[in-house]
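Q: What shape does this take:
(one chain, ligands or ions: 2)
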Amino acid sequence: MNSDLQAKSILDQAEILIPAEQVQTAVANIACKLNAALTGTCPLVLSVMGGAVVFTGQLLPQLTFPLDFDYIHVSRYGNSQEGGSLNWKVEPRENVSGRIVLVLDDLLDEGETLAAIRQRVMALGASRFYSAVFAVKQTKKIRPVHADFFGVELPCRFVFGFGMDIQGKWRNLPAVYALREK
Ligand SMILES: O=P(O)(O)OC[C@H]1O[C@H](OP(=O)(O)OP(=O)(O)O)[C@H](O)[C@@H]1O
Ligand code: HPA
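A: Ligands and ions are numbered 1, 2, ... in the order given. I've put the predicted structure just below:
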């Protein structure tokens, strides 16, 4: 099967978890909380490529305070459904030094990615670290880090859509899906 048909078949067999309207409400809620918490701080906003691209694009126009923007790029899942070691493609730079930093990501799963980002950003001299993630997966495990702001909670299943990929595909979906449980 070619990859286009394969991706369509994955979507056909998936279950919708968060419809698009609910996604929009969740993003608006995060924006509201960030506007209350960060107005007057002129933060440096770092978007974590590639998953945060959709969340970032929809959140930023709803923030009402001045900010600087940059991105970092790190991945530990690739096309797999299991996390591995972190692959840094674009690391945080010296421009974080002395800054209040707000990191945006699509998903907090096991928390390894956000914990590593936090460690690097603080090691480069950021004065304060905030994180906002679109979704947090429910887990009984203790994570190495928490999200200061989040939009929705998701079951502990492999999810995709709204920036999150399945085998590299479907980041472009406006809603969040999961594979059906057998
Ligand atoms: O909490 P964790 O278990 O560390 O997982 C969360 C990370 O996994 C995803 O990135 P991924 O590694 O899939 O790369 P991608 O953004 O390119 O999809 C997601 O965007 C988070 O950055
Ligand atoms: O459930 C997930 N879906 C997509 N990407 C991910 N990265 C960590 N967990 C996930």
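Q: contacting residues around the strand or helix carrying residue 34?
A: According to DSSP states H and E, residue 34 maps onto helix 20-38. Applying CB atoms under 8 Å, 6 or more residues apart in numbering, the contact partners of helix 20-38 are 18, 55, 58-59, 62-65, 67, 100, 102, 130, 132, 134, 148-152, 162, 174-176. C-beta here means a position set from N, CA and C on the backbone, and glycine is covered the same way.
Q: from those residues, which would you call buried?
A: The neighbour-count criterion (16 or more other CB atoms under 10 Å) marks 18, 55, 58-59, 63, 100, 102, 130, 132, 134, 149-152, 162, 175-176 among those as buried.
Q: Go through those residues and flag which are in strands.
A: Using DSSP state E, 18, 100, 102, 130, 132, 134, 149-152, 176 are the members of the buried ones among the contacts of helix 20-38 that sit in strands.
Q: now, which of those lie close to ligand 1?
A: With CB under 6 Å from any ligand atom as the criterion, these include none near ligand 1.
Q: Quick check: of the residues you listed, which lies closest to residue 4?
A: Set against residue 4, the nearest of those by CB to CB is residue 176 (21.4 Å).
Q: Who are the contact partners of that closest one?
A: Here residue 176 is in contact with 16-18, 23, 135, 152, 154, 159-162, 164 (CB under 8 Å, 6+ apart).
Q: can you pick the most crowded of those?
A: Within the contacts of residue 176, neighbour counts (other CB atoms under 10 Å) peak at residue 162, which reaches 28 neighbours.
Q: how near is it to residue 141?
A: Separation of residue 162 from residue 141 (CB to CB, to the nearest Å) stands at 24 Å.
Q: can you check residue 103 too?
A: 21 Å.
Q: neighbour count winner among the two?
A: A direct count of neighbours by other CB under 10 Å for residue 103 and residue 141 places residue 103 higher, at 27 against 9.
Q: Show me what that one bridges to in the sheet.
A: Note on residue 103: beta-bridge partners residue 46, residue 131, judged by DSSP bridges.
Q: quick one, what contacts it?
A: Counting by CB under 8 Å, 6+ apart, residue 103 makes contact with 45-48, 72, 114, 117-118, 121, 129-132.
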